[in-house]
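[1] this one's structure only:
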């Protein structure tokens, strides 16, 4: 029983961390129709920034700085790699995203020397706490709560403010909203800023739970978060969050199954199997709108 | 337009190229005073081998992404299937227990090379012949297995639209990788460990009785296989099927209206592309002399995609040129960036391990952003036309 609780708890917390990344994917896809392959690597870079900044600055200063730098990175990537291709075919933008991902991974390898880097222990988050008889870290408890708070703020932003309204308009129809006088580039920049900030928070929580960061550490969580976004219906924030929690829980359950079954190697594969099933049977996802293909 | 194309100069040129490769890798055994670079162990030949293997996979990817407009990122998965098929089929029977020692021997005792050795004899010419025949059949089977899986995967996946197709094929590659690392399949796939001991490129070198190499063929073999495969792909592209593929790429609805069956043509392209990716996977296993699921990650597919983009999406010759440039840069020409360099006592800053890849990816980004057509765009090098132009130029000069 205690084992079940601990598996579920860590599943929920992994799910929450995926959710924070998935929102970045779903927002960008909703507006640009672009699978931002570099997003997972932005998440990884945020982790590395966390390591380097906490080494020189006290934690209350360095954590906000991590978010600031990650936002700057996301903003710069959009400016430099995606904006010049605004009029190009969609696939060129995706190729550019893959190129950025390659660049970030190689730069990370260069900076870290290819060695796995240990994430610093953040005093409160890494402390252990006793829940229903199982020992766990505070970060496990905090993650879902923090995710819910951030998602609520984000929904308020999107549904209640002017820029949120612009974002919704742009995701509905790019050209028309441009004609209505919406500054497309501003909206897209804001999207990337929000996505990167959430990824930075997510990386802080994710890597507190994991021993080390390698340059490839962002690729898999990134892809899984994208699957979560597809699962929930791309463009829908509640969908992405729900999908991320589901994937996180399933993955931890598979990892937690008796080791004599030898199935833990499938924890990643399961996510993709889920993706293919969803794409075949309900391509619009759980909460996505069934968009008619424009001829 | 109906004028028959003149293939002869192209064929002659390619044959000349292949002969040149043989001469190149044997030249140092005739003239030992030649520089180190002509040694069969030098980076030159590593680059040539790797690029030959990669160019086949890049062209197969181009067939799908560039000529049919199906954006798929499953190439590493099909290469993995090919590599494992080749490896499992060709590990000699007597080595199987040693390779699979963690699993108490292999569940699959058949070795195709040994099978032919049983027919043609194990020693001398018979042994050599059965090795070559075994390897060829194993490579064809490697492609067939990959193609068959593509056929199965194609049913659900090819109905998806652009980005969903991308992510679904990427997912399939990851699922395959997990399966091949599964310990339960260990007696067949050797779990997460590598399979080795099978014939590699250097097994094709001709040796005399004392084991001394008489004729180096280890670079020639990948060139030969790749050339044949790419020639088949080019013939396919120039056939009516190829024209159907291109029309699907340009406009699905219009081509359907012209009577092209979309699904079956997409499937055909997907299966053929995967077949050659599988053959390429087998060759890759021969190149690295082992087969291990860990190597076939999505990063490999990204690399191949970037090669295709650099060469020009929709150009076979572009893909081949880009592969050779890419592999040469990453394996050889830019190596100096990875170690400390001094120019007249001045230490060049930034140079240390990993810097090569940073420079490299910046260059790739520049190509992707500012030269999105790549080296060749969607044109091809047409040797016959080049010769013709020269001739007409001369004629004009005479007048």
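    Everything's here; your move. Just so you know, these numbers come straight off a predicted model, no measurement behind them.
[2] The lengthiest helix in chain A: how far from the chain's middle?
    Across chain A, the longest stretch assigned as helix under DSSP state H is helix A:2-32. In terms of Cα atoms, centre = their mean, to the nearest Å, the centre of helix A:2-32 is found 8 Å from the chain centre.
[3] Tell me the buried residues in that helix?
    Using 16 or more other Cβ atoms under 10 Å in any protein chain shown as the test for burial, helix A:2-32 gives A:6-7, A:9-32. Where C-beta positions appear, they are placed from N, C-alpha and C, glycine not excepted.
[4] pLDDT value on the closest residue to chain B within chain A, please?
    Across chain A, the shortest distance to chain B (Cβ to the nearest Cβ) belongs to residue A:272, at 3.1 Å. Listed pLDDT for residue A:272 reads 88.
[5] Sticking with it, tell me its helix or strand.
    Residue A:272 is located in helix A:267-281, with elements delineated by DSSP states H and E.
[6] Spell out which parts of the stretch 151-295 of chain A neighbour chain B.
    Residues of the stretch 151-295 of chain A found near chain B (Cβ under 8 Å from any Cβ of the partner chain) are A:216, A:219, A:223, A:226-227, A:230, A:262, A:265-266, A:268-269, A:271-273, A:275-276, A:279-280, A:283, A:293, A:295.
[7] could you list every residue that touches residue B:372?
    A:85, A:88, A:92, B:309 (Cβ atoms under 8 Å, 6 or more residues apart in numbering or on different chains).
[8] Run through the strands of the stretch 101-250 of chain A in chain order.
    A:117-118, A:128-131, A:134-137, A:212-213 (DSSP state E, counting those that start in this stretch).
[9] I'd assumed residue B:362 was in a helix, is it?
    Yes. Residue B:362: assigned to a helix according to DSSP: H, G, I helix; E, B strand; the rest coil.
[10] From residue A:163, how far out is it?
    33 Å (Cβ to Cβ, to the nearest Å).
[11] ok, now residue A:128?
    Residue A:128 is 41 Å from residue A:163, by Cβ to Cβ.
[12] which residues sit in contact with the residue of chain B found nearest chain A?
    Per Cβ to the nearest Cβ, residue B:171 is where chain B lies closest to chain A, at 3.1 Å. Taking Cβ under 8 Å, 6+ apart, we find residue B:171 in contact with A:227, A:271, A:272, A:273, A:275, A:276.
[13] shaky segments in the stretch 51-200 of chain A?
    A:132 (pLDDT under 70).
[14] picking up where we left off before, what residues of the next helix or strand after the longest helix of chain A count as buried?
    Under the assignment DSSP H and E, the closest C-terminal helix or strand after helix A:2-32 is helix A:39-56. Across helix A:39-56, burial judged by 16+ other Cβ under 10 Å covers A:39-54.
[15] ok, now stretch A:68-79?
    Buried residues in stretch A:68-79 (16+ other Cβ under 10 Å): A:69, A:70, A:71, A:73, A:74, A:77, A:78.
[16] same thing with stretch B:26-35?
    B:26, B:28, B:29.
[17] can I get these in TSV with pLDDT and secondary structure?
    Below are the buried residues of stretch B:26-35 laid out as TSV (pLDDT from 0 to 100; DSSP: H, G, I helix; E, B strand; the rest coil):
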residue	pLDDT	secondary structure
B:26	81	helix
B:28	79	helix
B:29	78	helix
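[18] ok, the residue nearest to residue A:193 when sequence neighbours are not counted - contacts?
    Using Cβ to Cβ, 6 or more residues apart in numbering or on different chains and skipping the chain neighbours, the partner closest in space to residue A:193 is residue A:71 (5.1 Å). Contacts for residue A:71 were tallied using Cβ under 8 Å, 6+ apart; they are A:193, A:196, A:197, A:200.
[19] Mind doing that once more with 10 Å?
    Applying Cβ atoms under 10 Å, 6 or more residues apart in numbering or on different chains to residue A:71 gives the contacts A:42, A:46, A:192, A:193, A:194, A:195, A:196, A:197, A:198, A:199, A:200.
[20] What mean pLDDT does the longest helix along chain B get?
    Longest helix in chain B, counting residues (DSSP H): helix B:124-157. The average pLDDT for helix B:124-157 rounds to 89.
[21] likewise stretch B:73-82?
    Mean predicted confidence for stretch B:73-82 is 93.
[22] and it, how far out from the chain's middle?
    11 Å.
[23] same deal with stretch A:71-87?
    With Cα atoms, centre = their mean, you get 18 Å for stretch A:71-87.
[24] Tell me how many other residues surround residue B:99.
    The local packing of residue B:99 (other Cβ atoms under 10 Å in any protein chain shown) involves 22 other residues.
[25] and residue A:120, how many neighbours?
    17.
[26] I'd assumed residue A:6 was in contact with residue A:133.
    Yes. With contact defined as Cβ atoms under 10 Å, residue A:133 reaches residue A:6; the gap is 9.1 Å.
[27] all strands for the stretch 201-350 of chain B, in order.
    Under DSSP E, counting those that start in this stretch, the stretch 201-350 of chain B gives strands at B:206-207, B:213-215, B:342-343, B:346-347.
[28] which helices and strands does the helix holding residue A:272 pack with?
    Applying 3 or more Cβ pairs under 10 Å, 6 or more residues apart in numbering or on different chains; DSSP states H and E, we find helix A:267-281 packed against helix A:219-232, helix A:237-256, helix B:124-157, helix B:162-180.
[29] Leaving out the residues flanking it, which one is nearest to residue 147?
    Picking chain A for this. That would be residue A:16: by Cβ to Cβ, 6+ apart, it lies 4.1 Å from residue A:147.
[30] my question was about chain B
    Residue B:147 sits nearest to residue B:275 (Cβ to Cβ, 6+ apart), 3.8 Å away.
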